[in-house]
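Asker: predicted model and sequence below, questions to follow.
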Amino acid sequence: CCYIPAWFGVIATIITGLITYEISLASNTSRSILSTLSNIFSTDEQEKQLLDSKNERSNSGMLIPVCCALYGMGAMAIIPAHLMRSVGGGFDNESVAMAAMLLTFYSWTRSLREDDEKSYLFGILTGFSYFYMAATWGGYVFVLNMIGMHAGLLVLLGRFSTKVYNAYSLFYVIGTLLAIQVPVVGLAPLKSLEQLGAFLVFIGFQVLQFCEVQVRKKKLKALDVMKFRLQIFVFTALTGIAVLVLFAPSGYFGPISSRVRGLFVKHTKTGNPLVDSVAEHQPAKANSYFQYLRTFCFIAPTGFALVLAHFGDSPSFVAVYGLTAYFFSHKMVRLILFLAPAASILGGVALGRLSAWSLKQFFDVDKDSSNDIAALQEKKGTKGRKKSKTADKNMAASRNKSSTSAPQTDGRTLSLAKRMLAILLTILTLKTWSGFHTYCWGIAHHLSVPTIIQTGQTRNGDTIKVDDYREAYWWIRDNTPQDSRIMAWWDYGYQITAIANRTTVADGNTWNHEHIALLARVLTGPLDEGYDIARHLADYVLVWAGGGGDDVAKSPHLARIANSVYRSMCPDDPVCQSFGFVSTQGSRKPSNQMRDSLVYNLVMNRLKEGVEVDPTKFKEVHRTKYGKVRVYKIIGVDQESKRWGADPKNRACDVKGGWFCRGQYSPALMPFLSEGKDFAQLEDFNKRKGGEDSEYQKKYMKEMHEREIRKKKQKETAKARAKARAEL
């Protein structure tokens, strides 16, 4: 299990090399972006002649694509943006999904190879790869839209053909039919607005292909072709509008999720406090790119320019992918992961073409120079055979010799200059790569350090190893019954499941907003109320303590999440300003609401004066060596609720006898659940929002915006004070 991320990292690296190879082939790079744009309205014959003439001039062989592929693989193998999801022992869904995503992208680019009439059959592999991606990670939506966007771009560039049609149709039909079999995906590809774009491209392709077939069959003239296409597209558009009018009122179409919507709006203003609370959803800063891409921050743009100069159907995909990945990573720092393959491929193109050119200076004689030398040798041979001719002819031959010596000298000088330049560029490339390699190894060492085992310093300055988190999980594994349920904030859910081997109330799968809000209510609500709910859900409660990013520090986020469903938590206060720390006389003290909360009392139990948990409700059964984790046993667990939840009959399966079965709440919790109101996403037009929901969203957005302004002013004030003190 520990090596799974590394294994899939190797697979992703190899596929990155294959993509780089594919987009660097001479047959796939026979145009430039300018020639492509200028030939959008050209006839097929005109374009064919242009490409043939270009291919005659382009005879790069296999050297360029092989060099590009090697550099692309080398970069992907060690680039920090990829290392953060491919380090052994650091498993996450993305660790497997990156290989699936890249296999889908390679299959798509391979299906567009221009010198292979049957390449569209790779569209079948594209569909199967997409299915694997959909079964692996929610990022399958990005993959679907990338291919759909590129297919649409090919149409706009005048590159629509039967091959492109077959490749995309095979991908979409096979991929969609398989993806909807995944329970968590369902019919989303045909209902969600996030995924309908690819479906519309598919419909558009069917219309375009129908038009092309009819045009060839009826042998229509240019004007008739335009009229015919216009009629077909008008009919299709009207049909689409009719379908939209018919299905939209029924709530068939799903909204754009908050996670996706967050990619197009400023952080902390998505309208969803759960999404806004995740640190990885913050926008990337300039130093983040340099940290995770390093040298390739500068090399990749050069490769992008070279892709535009050596353009084609397959290279255009990487250009679109690179721009899209950069845009989304700028909105969410977590998505710099998407930039790892793009930067590696584009950087590989730049370094590969540079190295190939340098090698050709030593192993490939310049064409012009060879022609000059051959001509000179021919003249010398002719002169030798005509020694018996007259003196005038000898003088003419002598003049010819003098006239050919200049081109020979110029050719050798140019060749020598190119070789010197090649040597300098090779040295520069190797030095740059060496620095990049050294940096990546340092990052790899840093990433290899277990995240739950940290180093720290005591007050005496001694360096210690803080192993509290693993110690707590192992204690739970060794000292609690196997059917125990552990309540903890969802951040640690996966760790508890994997290391402690116990069921958690919530984990990193945060799709169920209302369930996370219930957990947040338990932790941030009054202690007695939290106990009344917790005894029906769990047997133990685990909290992170010890300062820093402990549960008390996170609790204001929890309060906002709880309040998004249970509005009585912070009445008329969407951002729960009443829950948090209050600055008084230079010190920060908890507000009354925070001091009364369950999470504050469990974390600060017997550490703060006057804070002590009722022993008839919670019993502390374990506290780690340095106090980073505290585990409490819930006294008086409702056994009837526990039996009800464990009974398979009380689980809701997607199909009868299926493996995807969701747990249900015990009937004893219904009085608490009835107080909540399902969170209405800002963008969910299918839900009938009342005035209360609209007012809540407006107030939340306004107060979060004002909160950001206050934070910015506080930082500026702190900087000004620090500067003033330094000047004094």
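Answerer: Received, thanks. These numbers were taken from a predicted model, which means no experiment stands behind them.
Asker: any idea of the pLDDT on the closest residue to Gly17 other than its chain neighbours?
Answerer: Using CB to CB, 6 or more residues apart in numbering and skipping the chain neighbours, the partner closest in space to Gly17 is Met73 (3.6 Å). In this view, the C-beta of every residue, glycine as well, is placed from N, C-alpha and C. At Met73, the model reports a pLDDT of 96.
Asker: packing partners of the helix or strand that Met73 is a member of?
Answerer: For Met73, the element it lies in under DSSP states H and E is helix 63-78. When contacts are defined as 3 or more CB pairs under 8 Å, 6 or more residues apart in numbering; DSSP states H and E, helix 63-78 sits against helix 4-24, helix 336-363, helix 391-448.
Asker: so which of those gets nearest Gly580?
Answerer: Within the helices and strands packed on helix 63-78, the stretch nearest Gly580 is helix 336-363; the backing value is 30.9 Å (CB to CB).
Asker: tell me which residues in that closest one are buried?
Answerer: 336-358, 360-361 (16 or more other CB atoms under 10 Å).
Asker: turn the helices and strands packed on helix 63-78 into a markdown table, including distance to Asp491 and mean pLDDT.
Answerer: Below are the helices and strands packed on helix 63-78 laid out as a markdown table (distance: least, CB to CB, whole Å; pLDDT from 0 to 100):
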| stretch | distance to Asp491 | mean pLDDT |
| --- | --- | --- |
| helix 4-24 | 20 | 95 |
| helix 336-363 | 19 | 93 |
| helix 391-448 | 19 | 78 |
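Asker: counting neighbours, what do you get for Arg651?
Answerer: Neighbourhood size, Arg651 [other CB atoms under 10 Å]: 13.
Asker: between the two ends of stretch 616-626, how far is it?
Answerer: 26 Å (CA to CA, to the nearest Å).
Asker: and it, how far out from the chain middle?
Answerer: Distance of stretch 616-626 from its chain centroid, counting by CA atoms, centre = their mean, to the nearest Å, is 40 Å.
Asker: please apply the same query to stretch 69-87.
Answerer: Its chain's average C-alpha position is 15 Å from that of stretch 69-87, according to CA atoms, centre = their mean.
Asker: wait, is Gly627 part of a strand?
Answerer: No - assigned with DSSP: H, G, I helix; E, B strand; the rest coil, Gly627 falls outside any strand and is coil.
Asker: that one contacts Gly546, correct?
Answerer: Yes - here Gly627 lies in contact with Gly546, judged by CB atoms under 8 Å, at a distance of 4.9 Å.
Asker: can you list residues touching both of the two?
Answerer: Asp468 (CB atoms under 8 Å, 6 or more residues apart in numbering).
Asker: can you tell me the SS state at the nearest residue to Thr236 once chain neighbours are set aside?
Answerer: Spatially, and ignoring its direct neighbours in sequence, Thr236 is nearest to Val207 (5.2 Å; CB to CB, 6+ apart). Classification of Val207 using three-state DSSP returns helix.
Asker: how many other residues sit next to Val207?
Answerer: 15.
Asker: what does Phe679 give?
Answerer: 22.
Asker: what ranges of the chain fall below the confidence cut-off?
Answerer: Within the chain, the segments meeting pLDDT under 70 span 40-60, 248-271, 275-281, 364-408, 510-511, 585-586, 657-659, 680-694.
Asker: how long is stretch 214-231 from one end to the other?
Answerer: 13 Å.
Asker: for it, list every residue counted as buried.
Answerer: For stretch 214-231, by 16+ other CB under 10 Å, it's Val215, Leu220, Arg229.
Asker: which parts of the stretch 151-300 of the chain are helices?
Answerer: Applying DSSP state H, counting those that start in this stretch to the stretch 151-300 of the chain gives helices spanning 162-179, 188-191, 196-218, 222-247, 258-261, 273-276, 286-293, 296-309.
Asker: give me whichever of those helices is most buried.
Answerer: A comparison of the helices of the stretch 151-300 of the chain by mean neighbour count, using mean count of other CB atoms under 10 Å, puts helix 273-276 on top with a mean of 23.
Asker: what sits against the closest residue to Phe328 other than its chain neighbours?
Answerer: Closest residue in space to Phe328, ignoring its immediate chain neighbours: Leu335 at 4.7 Å, by CB to CB, 6+ apart. Neighbouring residues of Leu335 by CB under 8 Å, 6+ apart: Leu263, Ala284, Ala325, Phe328, Ser329.
Asker: got a list of what the residue lying closest to the third one once chain neighbours are set aside touches?
Answerer: For Ala325, ignoring the flanking residues on the chain, the nearest one in space by CB to CB, 6+ apart is Phe338 at 4.1 Å. With contacts defined as CB under 8 Å, 6+ apart, the neighbours of Phe338 are Phe142, Ala325, Phe328, Ser329.
Asker: ok, and the most crowded of those?
Answerer: Ser329 (25 neighbours).
Asker: need phi/psi at the residue lying closest to Leu542 once chain neighbours are set aside.
Answerer: Leaving aside its sequence neighbours, Leu542 sits nearest to Ala488 (CB to CB, 6+ apart; 4.2 Å). Torsion angles at Ala488 (phi, psi; degrees, to the nearest 10) stand at phi -160, psi 160.
Asker: so Trp474 sits in a helix?
Answerer: Yes - Trp474: assigned to a helix according to three-state DSSP.
Asker: spit out the contact partners of it.
Answerer: Contacts of Trp474 (CB under 8 Å, 6+ apart): Ile499, Ala500.
Asker: can we see that at 7 Å?
Answerer: By CB atoms under 7 Å, 6 or more residues apart in numbering, the contact set of Trp474 is empty.
Asker: how much space between it and Trp489?
Answerer: Noted for Trp474: a distance of 20 Å to Trp489, by CB to CB, to the nearest Å.
Asker: and what of Ile64?
Answerer: 52 Å.
Asker: likewise Asp478?
Answerer: 23 Å.
Asker: if you count what's nearby, which of these two comes out ahead?
Answerer: Trp489 (22 against 8).
Asker: was I right about that one contacting Asp550?
Answerer: No - checked against CB atoms under 7 Å, the pair Trp489 and Asp550 is beyond contact range at 10.2 Å.
Asker: now the strands for the stretch 501-650 of the chain?
Answerer: 503-504, 540-544, 581-584, 587-590, 618-623, 629-634 (DSSP state E, counting those that start in this stretch).
Asker: my read: Tyr700 touches Asp573, true?
Answerer: No - look at Tyr700 against Asp573 with CB under 7 Å: they stay out of range, at 9.7 Å.
Asker: which one of the two has more residues nearby?
Answerer: The residue with more neighbours, out of Tyr700 and Asp573, is Tyr700; 23 against 17, by other CB under 10 Å.
Asker: for the more buried one, pull up the helix or strand it's in.
Answerer: helix 691-727.
Asker: ok now that helix, how far from the chain's centre?
Answerer: That offset, for helix 691-727, works out to 29 Å (CA atoms, centre = their mean).
Asker: for that helix, which residues meet the burial criterion?
Answerer: So, applying 16+ other CB under 10 Å, buried residues of helix 691-727: Asp693, Tyr696, Gln697, Tyr700, Met701, Met704.
Asker: ditto for stretch 459-474
Answerer: Val466, Asp467, Asp468, Tyr469, Arg470, Glu471, Ala472, Tyr473.
Asker: and it, end to end?
Answerer: 28 Å.
Asker: and the contacts of stretch 513-530?
Answerer: 274, 489-490, 505-506, 510, 533-534, 555, 558-559, 561-562, 564-566, 569, 579, 596-599, 601, 676, 678-679.
Asker: alpha carbons of that stretch, as PDB, please.
Answerer: Output of stretch 513-530 as PDB, limited to C-alpha atoms (Å, rounded to 0.1, in the frame of the first residue of the first chain):
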ATOM      1  CA  HIS A 513     -22.800  19.200   3.500                       C
ATOM      2  CA  GLU A 514     -25.700  18.600   6.000                       C
ATOM      3  CA  HIS A 515     -23.800  15.700   7.700                       C
ATOM      4  CA  ILE A 516     -20.700  17.700   8.100                       C
ATOM      5  CA  ALA A 517     -22.800  20.600   9.500                       C
ATOM      6  CA  LEU A 518     -24.400  18.200  12.100                       C
ATOM      7  CA  LEU A 519     -20.900  17.200  13.200                       C
ATOM      8  CA  ALA A 520     -19.900  20.800  13.400                       C
ATOM      9  CA  ARG A 521     -23.000  21.500  15.500                       C
ATOM     10  CA  VAL A 522     -22.100  18.800  17.900                       C
ATOM     11  CA  LEU A 523     -18.600  20.200  18.400                       C
ATOM     12  CA  THR A 524     -19.400  23.900  18.500                       C
ATOM     13  CA  GLY A 525     -22.800  23.700  20.200                       C
ATOM     14  CA  PRO A 526     -23.200  23.800  24.000                       C
ATOM     15  CA  LEU A 527     -21.600  20.900  25.800                       C
ATOM     16  CA  ASP A 528     -24.800  19.300  27.000                       C
ATOM     17  CA  GLU A 529     -26.500  19.600  23.700                       C
ATOM     18  CA  GLY A 530     -23.400  18.200  22.000                       C
END
